[in-house]
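Asks: what's the 3D shape of this:
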Amino acid sequence: MYRYELPDLQWEQIAPFFPDRYHHGRAGRPWKDHRLLVNGILWHLHTGAPWPDTPERYGPWQTVYDRFNRWRKDGTWAKMLDVLLLRLDRRGFIDRDLWLVDASVIRGSRAAAGAKKKPEPVPTLAGPEALRLHEPPDHALGRSPGGFGTKVHLVCEGHGTVLAVWVTPGQRHESQAFSIVLLRAKRPRQVGRPRWPQRVAGDKGYSYPAIRQWLQQHHIAAVIPSRKDQPQPETFDRPAYRRRNLIERVVGWYKEYRALGTRYEKLAVNYVSLWLIAIIEKLLRKYAQRLKMGLSERAYAKRINKRYPKAVFASYLVRLIPKHKSDAVFLGLSVEHSAFRDFIWMFVTGAAQPQANATTMALFPILYPPEFLLNEFNRIAEPILDEKELLLNQVTVLSRTRDMLLPRLISGKLSVENLDIQFPPGMAKEMNNP
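Replies: Predicted coordinates:
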């Protein structure tokens, strides 16, 4: 394996995002090996060399460049990043305490100039709305005291994971893109997890009344120092502001990718696509063991449900979770709201969560055979290794219950009465009237 290429474990996490090489048995010319072309794109990202200089081992350079553009147009890069961030968020690896925002000027090479001012059709980075980008008329290029270039705006969370990227001309002040880049970083709504962080830290370049008002409207505390010509705030969280150096280091890490440290791409959408690919590679290298699910949650659930169809009551439970935070009695076990939510999520998707506690895992054998459960444990053994022995005991105790319930589960006859679920007043009525 050559330098910059993805190892097997990392490739397995993103392979399902690419089209089937043989068109699922239908007519058509087979695709070239996706992995080979992705490695060629990564080679260009790391080296910053012109596309025609791509080594022959990755195939014709035109094919590598064409595939990079194709996956930008159909939203493959954006969807991939969005799903990886969503998986990390569901596993609790996206911090909601402190987010960091900053901007950096990237020098543009001579090759970056010369794009058409009004191309038709307008080039687009497709994908989820939070990552979508249409080519700006100025191509996000301008002249600042630092020279000809682009200003890149970033938002990262407390562990250094980049959540959003936005580009403007080099002379544009970073405060003008503050709300835009934060809106792109907003996380999807989840039970028990807010969309926004508790605090946002930025340097004095963001010390403007409009920015502070915007943060206040979104119930976010501003960790931004005041300039000398402004009144000093009564309280300023200095310990949190000291953590702002993390985003400075993040910018340095990504500038090590030579295709990002200097802009060679004429189109802003292509340059941002390279940023997305770099973020994807960082996530795969850092969290490969935590992202051991090659399929999306929906596809994974479909595969599991071919063997064990979902019961009708599961949709009721999932719908009720955001409304009621009371404990429930499930098969005689007192289950916390968080454990109950994790159990229902595992039931719907067929995958255990690393942060699942012993109570949650004790419920899992009711719906799935012990062999499947142990395979799940081997897959996520590190976070919950201490609970493995406890789980084995629970498997023995609950195996008879599972054998009794599984036929009714498969036949779709499982109901609230069958499972003897006792909910607090008000929940039982809603369960029976979905």
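Asks: For D95, see how far away the nearest residue to G205 once chain neighbours are set aside is.
Replies: Excluding the flanking residues, the one nearest G205 by CB to CB, 6 or more residues apart in numbering is E174, at 5.2 Å. To be clear about C-beta, it is placed using only N, CA and C from the backbone, and glycine gets the same treatment. Going from E174 to D95 by CB to CB, to the nearest Å gives 22 Å.
Asks: Looking at those two, which is more packed in?
Replies: Between E174 and D95, E174 has the larger neighbour count (other CB atoms under 10 Å), namely 21 against 18.
Asks: so how far is H23 from that one?
Replies: For E174, the distance to H23 (CB to CB) stands at 46 Å.
Asks: for P209, same thing?
Replies: Separation of P209 from H23 (CB to CB) stands at 57 Å.
Asks: Neighbour count for these two, which is higher?
Replies: More crowded of P209 and H23, by other CB under 10 Å: H23, with 12 against 8.
Asks: Quick one: residues contacting the more buried one.
Replies: Taking CB atoms under 8 Å, 6 or more residues apart in numbering, we find H23 in contact with P30.
Asks: Could you do Q176 as well?
Replies: By CB under 8 Å, 6+ apart, the neighbours of Q176 are T168.
Asks: so it, which of the three states?
Replies: Here Q176 is helix, with the state taken from DSSP: H, G, I helix; E, B strand; the rest coil.
Asks: Kindly report the same for R143.
Replies: R143 ends up strand, using three-state DSSP.
Asks: ok, it touching T150?
Replies: No - R143 is beyond contact range of T150, at 11.0 Å (criterion: CB atoms under 8 Å).
Asks: Which neighbours do these two have in common?
Replies: With CB under 8 Å, 6+ apart as the test, R143 and T150 both reach G170.
Asks: With neighbour numbers in mind, choose between those two.
Replies: Using other CB under 10 Å as the criterion, R143 and T150 rank with T150 on top: 26 against 12.
Asks: can you list the weak-confidence ranges in the stretch 51-200 of the chain?
Replies: Low-confidence segments of the stretch 51-200 of the chain, defined by pLDDT under 70: 189-192.
Asks: what about 90?
Replies: The model of the stretch 51-200 of the chain has pLDDT under 90 over residues 83, 86-96, 116-120, 128-130, 144-146, 186-195.
Asks: G158 reaches Q198, doesn't it?
Replies: No - using CB under 8 Å, G158 is not in contact with Q198, being 10.5 Å away.
Asks: neighbour count winner among the two?
Replies: When neighbours are counted by other CB under 10 Å, G158 and Q198 differ, and G158 comes out ahead with 18 against 15.
Asks: Grab the nearest non-local neighbour of the more buried one.
Replies: Nearest non-adjacent residue to G158 (CB to CB, 6+ apart): D95, at 3.6 Å.
Asks: Am I right that that neighbour sits in a strand?
Replies: No - assigned with three-state DSSP, D95 falls outside any strand and is coil.
Asks: ok, now how distant is it from P188?
Replies: D95 sits at a distance of 16 Å from P188 (criterion: CB to CB).
Asks: How about Y2?
Replies: Here the criterion is CB to CB. By it, Y2 lies 37 Å from P188.
Asks: Compare these two (neighbour count), which wins?
Replies: A count of neighbours by other CB under 10 Å puts P188 above the other of Y2 and P188, at 13 against 9.
Asks: is it true that that one touches L86?
Replies: Yes - if you go by CB under 8 Å, P188 and L86 touch, sitting 6.7 Å apart.
Asks: What is the burial count for W253?
Replies: W253: 12 neighbours (other CB under 10 Å).
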